[in-house]
Structure formats: C-alpha cells, structure tokens
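Q: next come a sequence and a model predicted from it.
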Amino acid sequence: MNKSKAINRLDASNQAVRILGVVCIILCALLIHAHIKVVNVPKEYTFWTPPDLTKGGFANINEPQDIHVLNFALLVHNNLYSWDENGQVEFPNAVDAYRNYLSESYYKLLKSRAVSAGNSYRGRERVLHFNYQKNNHFNVENKGNGRWFVTVLMRVKDSVANNVIKDEYVKYSLVVEKVNLPRAKNPFGLAIAGEFANSSRVQ
C-alpha cells in the first residue's frame, strides 16, 4: 500500500516536472519572439503633424503630409539658389552644404551644373520668392513608395552690381524621395532626387 502511494507520488512529481518543463520552453519561445520583435522595431519615429491644428488634424508616423514635402522642397531649393554676392562661389558651396538633402545622382548633377554655368553666375545675386497664398503656385503629387512630384512657381530676381538683370517667374519640377539617414545628418528623412521636367519661364 505504501509502495503504491510512493509510486503515485513519484508519477505526480514527474508529471509536474514535465509540465513545468513545457511551460519553461513556451516562455523561452515567447521571450525569443518578443526579443526579435523589439530588435526589428525602428529605433526612431518621425511624427508629422499638420501645421494648422485649429481645424483638427491627425499626426502621421513616418509619413509626411504634402505640406511637409512642399516645405522641404522649398527650403532646400531656396537655399541652393539664393546668393548674396557671387553665385559662382556660393552655388557650389551650397550644393556641398546641402549634400545630405540631395540624392547622390542629383548632387552630382548640381555639381556639374555649377561648373558649366559658373561663369554666368559670377558676381550674381539671386533672391527667390514664393507666395503660399496663391494655391496655383504649387502642386504636390504623391507617387507612392516614398516618392513625390513637387511643382512650384517662384519669382526669381537676379542682380549684378545692384542692377537687376532678371525678374521673372520660373516653374520648377522637383522629385522628392524618402531617405534613410541618421537624424543628425537629415532630420527630415527626405531628399530632392532630381527634376521630372525642365524648369521653365512662366509669363
């Protein structure tokens, strides 16, 4: 009788050990799965919020709205082509300064453009103007897969020795794409990747 009870206790103990072993294996598997998920989670998120929240709006994670893409394109393009004293020197310097906001191919194109047009930019000052109040002055088309076509109409005023030599409206057609760069180098996560059409004068 005692022997039978001892055997039953041993069987129960063995069964408890087996159950505990199965539970430990399941917990280990869940821990490994959770670790893999955490490793694959992006280290940083970018929250894009509408500039005007008075009428309501939603914040998007890692997906900029059209207005953010437009503002980025204007900021970079304006800083590339605004020259205080001498475009021949300032333009290539600006291309280098904004290299992290340009795709590699567009960076090379602008460096080549700076060389070929350098003499015509000598001693030239340039000011760009954009009017947000004119809705027909810009268009942002989301092409999908982190790519946008941005069309902007800007007033371009060039001067040499304080004499205005050009004052006209020019339409620019820029391609903007998402890029994966450290936030310290490019906090926008965007870059101008090229031009989908040549710039053109607008009467």
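A: Yes, it's here. Numbers count the residues shown, from 1 in each chain.
Q: where does the chain dip in pLDDT?
A: 1-14, 16-17, 33-62, 134-135 (pLDDT under 70).
Q: try 90
A: In the predicted model, the chain carries pLDDT under 90 at residues 1-67, 117-119, 130-138, 162, 180-184, 202-203.
Q: scan it for its longest strand.
A: Secondary structure of the chain per DSSP state E: the longest strand is strand 163-178.
Q: just how off-centre is it within its chain?
A: 21 Å (CA atoms, centre = their mean, to the nearest Å).
Q: can you spell out which helices and strands pack onto the helix or strand just after it?
A: Using DSSP states H and E, the helix or strand that directly follows strand 163-178 along the chain is strand 190-202. Packing partners of strand 190-202 (3 or more CB pairs under 8 Å, 6 or more residues apart in numbering; DSSP states H and E): helix 66-81, helix 104-116, strand 147-160, strand 163-178. No exception for glycine: its C-beta is placed from N, CA and C like everyone else's.
Q: cutoff 7 Å now
A: helix 66-81, helix 104-116, strand 163-178 (3 or more CB pairs under 7 Å, 6 or more residues apart in numbering; DSSP states H and E).
Q: the longest strand of the chain to helix 104-116, inter-axis angle?
A: Orientation of strand 163-178 against helix 104-116 (axes from the mean of the first three to the mean of the last three CA atoms, to 10 degrees) gives an angle of 160 degrees.
Q: for strand 163-178, buried residues please.
A: Buried residues in strand 163-178, counted by 16 or more other CB atoms under 10 Å: 170-178.
Q: could you dump stretch 67-84 to CSV, C-alpha only?
A: Extracted in CSV, the C-alpha atoms of stretch 67-84 (Å, rounded to 0.1, in the frame of the first residue of the first chain):
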residue,chain,number,x,y,z
ILE,A,67,2.6,70.4,-47.0
HIS,A,68,5.7,69.0,-45.3
VAL,A,69,7.1,67.7,-48.6
LEU,A,70,6.4,71.1,-50.2
ASN,A,71,8.1,73.0,-47.3
PHE,A,72,11.1,70.7,-47.5
ALA,A,73,11.5,71.2,-51.3
LEU,A,74,11.1,75.0,-50.9
LEU,A,75,13.7,75.1,-48.1
VAL,A,76,16.4,73.2,-49.9
HIS,A,77,15.8,74.7,-53.3
ASN,A,78,15.7,78.2,-51.9
ASN,A,79,18.9,77.7,-50.0
LEU,A,80,20.7,76.3,-53.0
TYR,A,81,19.7,79.1,-55.4
SER,A,82,19.8,82.2,-53.1
TRP,A,83,23.1,84.0,-53.4
ASP,A,84,24.1,87.1,-51.5
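Q: going forward, count from 691.
A: In the new count, where the first residue is 691, that last one comes out as stretch 757-774.
Q: residues of it that come out buried?
A: For stretch 757-774, the neighbour count (16+ other CB under 10 Å) marks 758-764, 766-767, 770-773 as buried.
Q: in space, what's closest to F839 - neighbours in sequence excluded?
A: Excluding the flanking residues, the one nearest F839 by CB to CB, 6 or more residues apart in numbering is E831, at 4.4 Å.
Q: now name the helix or strand holding that neighbour.
A: Secondary structure (DSSP H and E) places E831 in strand 828-832.
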